[in-house]
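**Student:** Pasting the sequence and the predicted model now:
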Amino acid sequence: MQFLWKYVDDMVGKGVSFFVLGEIFFYAALFSVPMALPLAILLASLMTFGNLGEKFELLAMKASGISLLQILKPVIVLICIASIGAFFFQNNTLPPAQSKLWTLISSVKLKSPELDIPQKTFYKEISGYNVYIDHKDKETGMMYGMMIYNFVDGFDNAKVILADSGKLEASTDKQYLVLSIYSGESFENLKKQSYRIKNEKIPYRREKFSLKEMLIAFDANFKMADESVMSNRDFTKDLSKLRVFIDSVTIVADSTDRLIAKSLVDQTYSQVLKTNVSLSAPSKPIVSSDTLSVVDVDSYFDRKDLNRQQQIISIAKSRIESIKGEYLYSNLAQKERVMLLIGHEIEFHRKFTLSFACLVFLFIGAPLGAIIRKGGLGMPAVISVFLFLFYYSIDIFSVKLARQSVLPVWLGTWSSSFILSALGVFFTYKAVNDSVMLNADAWMEFFKRLMGKKEIRNYQRKEVIMDTPDYEENLNAITDLTASCNQYLALHGKIISYISYWKNSRENAFIEAISEKMELIIEDLLNSEENYIIGKLMDYPVINHKRLFFLENSVVRTCCCWFFPVGLIFYCWDMYRGKGVKHDIEVIRKVNDELFIEIEKKLCSN
């Protein structure tokens, strides 16, 4: 579909047969295999091992003593065979298929369009003619209100034809168009214009007619272009041809570099500073065999008159421009040669990257499926598309850098495979060790704890009680806990400013002390025989007093304060967490009051 939308404008309206279109789509399907095969392996491995994990079949095999790598052995053998087949496909099948594909596309582009002249607009698809019609009868093919501009002899010698009606048909051999027009007149110059003299009068001829027939050359047949045009492109060559081309162009490029360097030295130094020419003094300068002669150019130039100085400067300037032009021309030719060389080297490496990508995606998809334990087309399809887009984006970016000579060719073509290989090793390691890193429930629980989700206590009355609780001591402990809660709310009842938050460290020691006191009361009162007291203990909240440890570091706090966007995120998160802690403290104080009353009743009854 991507190929169709990209080239639909070149194929629509050309009257190409279904056989030619089918051939184009067949070669386009082969062209998409290097992109589709790794994605197919990734999705298939994800679905397969996701289904095995979802139905606990992987768990059963592991319980039988079979490791994940042993389970993967048959699949690895299968993908190795597929990788070898992918290499031969990339090397032997794809180059001629691409040659055929682009030859067909270029042939379709060159084919003349089928005639379907629109209404109330100029139609320019007939070479040398512009045709305008007011309206037409689709059943009979008659066109009305015709205006025809003939530019075959040039724009200045255009012929204009106006007609009441007309009909346009193709000849039986589709080599010509037969135009029959009725009740009109034509205008044309009797003298062709080339370089027109101002105010020159040009005679013209006006002709009226009741019927006029014209024969226009228009080849509407489909002709296949020569495939040899594509034979020199990098994507139409196999490994042997690519290797020969790379070796040949490398030798030529190195030789050309040496010749250009030698020519530049000869033209700029050797021909100007010669040992047998002395410009400044009659005495000969002392020159060693491997150096250029040194002359006093300034004194020689100053002794000349003004006209001679201007002449010397003009000659020097023209010589410099000539050398510069030759060097730029050689540089452009060499740059084009280097770009061709880089293109062929990239294609050489691509013969191997497809096979390697198939193996890499197996070692990503299979362990990932074992980790997420989700089969079907839902989650595996989403993860597969995401990972493949990640791989494809890196590949496009790195190959583009390689084409621009920013990266070495081998690094640009293999970067995506290297990065995905590291990801595959990581996923395989996690899967072998039964990691739950991609378990949705585990992540949901993590984020709930991060956002301060409250845990619910669940206690039951003990059947056998070894130590009865000390209710009087518990009353004193509850009173002390309530006092601590009041003190905390008095100190932290108001929201502090952004600057004060990062300036003063907010330790967790106070909250930890309150939590420890509460847990000691709960631990002792769980030995109670009163169901109401045990039920009240379940009303105590679980305080999440842990903060991000690095926020206690003074340097980190200073950096967060100055980097406002980052600091604001942590500030808002800690304020939200602090609000939850205050609510928990208020709940503790309320439960303390209710529990205090109930324990007093218990003591009074005893």
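**Tutor:** Nice, I can see it.
**Student:** Which helix in the chain has the most residues?
**Tutor:** helix 306-372 (DSSP state H).
**Student:** so how far is the helix or strand that it is followed by from its chain's centroid?
**Tutor:** For helix 306-372, the succeeding helix or strand toward the C-terminus, using DSSP states H and E, is helix 379-403. With CA atoms, centre = their mean, to the nearest Å as the basis, helix 379-403 stands 6 Å off its chain's centre.
**Student:** what packs against the longest helix of the chain?
**Tutor:** In terms of contacts (3 or more CB pairs under 8 Å, 6 or more residues apart in numbering; DSSP states H and E), helix 306-372 is packed against helix 33-54, helix 68-88, helix 239-265, helix 379-403, helix 409-432. Backbone N, C-alpha and C define where each C-beta goes, glycine included.
**Student:** For residue 133, find the nearest of the ones you listed.
**Tutor:** Of all these, helix 33-54 sits nearest to residue 133, with 45.6 Å by CB to CB.
**Student:** For the closest one, list every residue counted as buried.
**Tutor:** Within helix 33-54, the residues that count as buried by 16 or more other CB atoms under 10 Å are 33-34, 37-53.
**Student:** Next, the angle from that helix to helix 306-372.
**Tutor:** Angle of helix 33-54 versus helix 306-372, following axes from the mean of the first three to the mean of the last three CA atoms, to 10 degrees, is 30 degrees.
**Student:** Which neighbouring elements make contact with helix 33-54?
**Tutor:** By 3+ CB pairs under 8 Å, 6+ apart, helix 33-54 packs against helix 57-63, helix 68-88, helix 306-372, helix 379-403.
**Student:** what is the orientation angle of it with helix 409-432?
**Tutor:** Angle, helix 33-54 to helix 409-432, by the same axes, to 10 degrees: 10 degrees.
**Student:** mean confidence score for helix 33-54?
**Tutor:** For helix 33-54, mean pLDDT rounds to 87.
**Student:** likewise stretch 537-549?
**Tutor:** Averaged over stretch 537-549, pLDDT sits at 74.
**Student:** How about the secondary structure of residue 542?
**Tutor:** Here residue 542 is coil, with the state taken from DSSP: H, G, I helix; E, B strand; the rest coil.
**Student:** Quick check: chain neighbours aside, which residue is closest to it?
**Tutor:** residue 455 (4.1 Å; CB to CB, 6 or more residues apart in numbering).
**Student:** Can you classify the one you found by secondary structure?
**Tutor:** Assignment for residue 455 (three-state DSSP): coil.
**Student:** Model confidence for it, exactly?
**Tutor:** 70.
**Student:** how deep is it tucked in, by neighbour count?
**Tutor:** Residue 455 has 11 neighbours, counted by other CB atoms under 10 Å.
**Student:** One more: residue 254?
**Tutor:** Neighbour number of residue 254 under other CB under 10 Å is 10.
**Student:** Distance of it relative to residue 326?
**Tutor:** 20 Å (CB to CB, to the nearest Å).
**Student:** now residue 566
**Tutor:** The value you get for residue 566 to residue 326, if CB to CB is used, is 57 Å.
**Student:** now the helices and strands packed on helix 33-54 as TSV including mean pLDDT, mean neighbour count and distance to residue 422?
**Tutor:** Putting these into TSV (pLDDT from 0 to 100; neighbours: other CB atoms under 10 Å; distance: least, CB to CB, whole Å) gives the following:
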stretch	mean pLDDT	mean neighbour count	distance to residue 422
helix 57-63	85	14	24
helix 68-88	90	15	18
helix 306-372	83	17	10
helix 379-403	87	17	12
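**Student:** how about residue 527, secondary structure?
**Tutor:** Assignment for residue 527 (three-state DSSP): coil.
**Student:** my bad, residue 205
**Tutor:** Going by three-state DSSP: residue 205 is strand.
**Student:** Please renumber the chain so that the first residue is 660 from this point on.
**Tutor:** Understood, numbering begins at 660; the last thing we discussed is residue 864.
**Student:** Need the pLDDT of it.
**Tutor:** Looking at residue 864, the pLDDT reads 79.
**Student:** I'd like to know the beta-bridge partner residues of it.
**Tutor:** Listed by DSSP bridges, the beta-bridge partners for residue 864 are residue 847.
**Student:** so it makes contact with residue 846?
**Tutor:** Yes. Contact criterion CB atoms under 8 Å: residue 864 and residue 846 qualify, at 7.4 Å.
**Student:** Show me which of these two is the more surrounded one.
**Tutor:** Ranked by neighbour count (other CB under 10 Å), residue 864 and residue 846 place residue 846 first, with 13 against 10.
**Student:** and the gap between the closest residue to that one other than its chain neighbours and residue 810?
**Tutor:** What sits nearest to residue 846 in space, not counting adjacent residues and going by CB to CB, 6+ apart, is residue 819, at 4.7 Å. Counting by CB to CB, the gap from residue 819 to residue 810 is 10 Å.
**Student:** Residue 661 too?
**Tutor:** 38 Å.
**Student:** try residue 1258
**Tutor:** 108 Å.
**Student:** Neighbour count for those two, which is higher?
**Tutor:** residue 1258 (21 against 15).
**Student:** and the more buried one, what helix or strand is that in?
**Tutor:** Secondary-structure assignment from DSSP H and E places residue 1258 in helix 1223-1264.
**Student:** helices or strands up against that helix?
**Tutor:** With contacts defined as 3+ CB pairs under 8 Å, 6+ apart, helix 1223-1264 has these neighbours: helix 1130-1150, helix 1157-1162, helix 1168-1184, helix 1190-1196, helix 1213-1221.
**Student:** Could I get those in TSV, plus columns for mean neighbour count?
**Tutor:** Compiled in TSV, those are given as follows (neighbours: other CB atoms under 10 Å):
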stretch	mean neighbour count
helix 1130-1150	15
helix 1157-1162	15
helix 1168-1184	16
helix 1190-1196	16
helix 1213-1221	14
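**Student:** TSV for the ones you listed, including distance to residue 1077?
**Tutor:** Formatted as TSV, these follow (distance: least, CB to CB, whole Å):
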stretch	distance to residue 1077
helix 1130-1150	54
helix 1157-1162	41
helix 1168-1184	47
helix 1190-1196	57
helix 1213-1221	33
